[in-house]
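J.: attaching a predicted model along with its sequence, questions to come.
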Amino acid sequence: MSDLDYIPERDNDYDENETDDTFEEYVDKLDKDELMAHQDKVFKKLINEGGLRTENIIEIQYLMELIRYCPEKYKDKQIPIAKCLELIINLANQFLYIYDKQVSKNKD
């Protein structure tokens, strides 16, 4: 097997018997105000750091490397996947921009 054929194994911590209901039950137990405060904190941190940028988010760097060094049989999909990732990042940054404007407007 060559390096190009290597597909990383997924995390084995996932229990196949676990259902999405477990996650929903977990979310239902959370205090909604606390959850919203945490969400605001995460959004504000992203905004202060300039949004989603490839140089400061390791997961995006990993995705870019996976796209760049994909196996030969997926080379024809390489450019569309890269453009899709770029679109997702741009949309996320646009969302953060709109969120920041909305928060600023509500404070005034």
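T.: Cool, got the structure. Since the structure is predicted, the reported quantities are computational estimates derived from the model, not experimental observations. Residues are numbered from 1 along each chain as shown.

J.: switch to C-alpha atoms for all contacts and neighbour counts from now on
T.: Will do.

J.: what about residue 91, which helix or strand?
T.: In this assignment (DSSP states H and E), residue 91 forms part of helix 75-107.

J.: which elements pack onto that helix?
T.: Other helices and strands packing on helix 75-107, by 3 or more CA pairs under 8 Å, 6 or more residues apart in numbering; DSSP states H and E, are helix 32-48, helix 58-68.

J.: quick one: average pLDDT of it?
T.: The average pLDDT within helix 75-107 is 89.

J.: relative orientation of that helix and helix 58-68 in degrees?
T.: Helix 75-107 and helix 58-68 are oriented at 160 degrees to each other (axes from the mean of the first three to the mean of the last three CA atoms, to 10 degrees).

J.: next one: helix 75-107 to chain centre, how far?
T.: Here helix 75-107 is found 10 Å from its chain centre; the criterion is CA atoms, centre = their mean, to the nearest Å.

J.: please name the spatially closest residue to residue 64 (chain neighbours excluded).
T.: Excluding the flanking residues, the one nearest residue 64 by CA to CA, 6 or more residues apart in numbering is residue 82, at 7.5 Å.

J.: for stretch 77-86, which positions count as buried?
T.: 78, 82, 85 (16 or more other CA atoms under 10 Å).

J.: wait, which of the residues you listed is closest to residue 33?
T.: Nearest to residue 33, judged by CA to CA, of these is residue 85 at 31.8 Å.

J.: got a markdown table for the helices and strands packed on helix 75-107, with distance to residue 74, mean neighbour count and mean pLDDT too?
T.: Supplementary listing: these in a markdown table, determined by distance: least, CA to CA, whole Å; neighbours: other CA atoms under 10 Å; pLDDT from 0 to 100:
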| stretch | distance to residue 74 | mean neighbour count | mean pLDDT |
| --- | --- | --- | --- |
| helix 32-48 | 33 | 13 | 82 |
| helix 58-68 | 9 | 14 | 89 |
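
J.: any chance of those in a markdown table, plus distance to residue 103?
T.: Output for those, formatted as a markdown table (distance: least, CA to CA, whole Å):
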| stretch | distance to residue 103 |
| --- | --- |
| helix 32-48 | 10 |
| helix 58-68 | 27 |
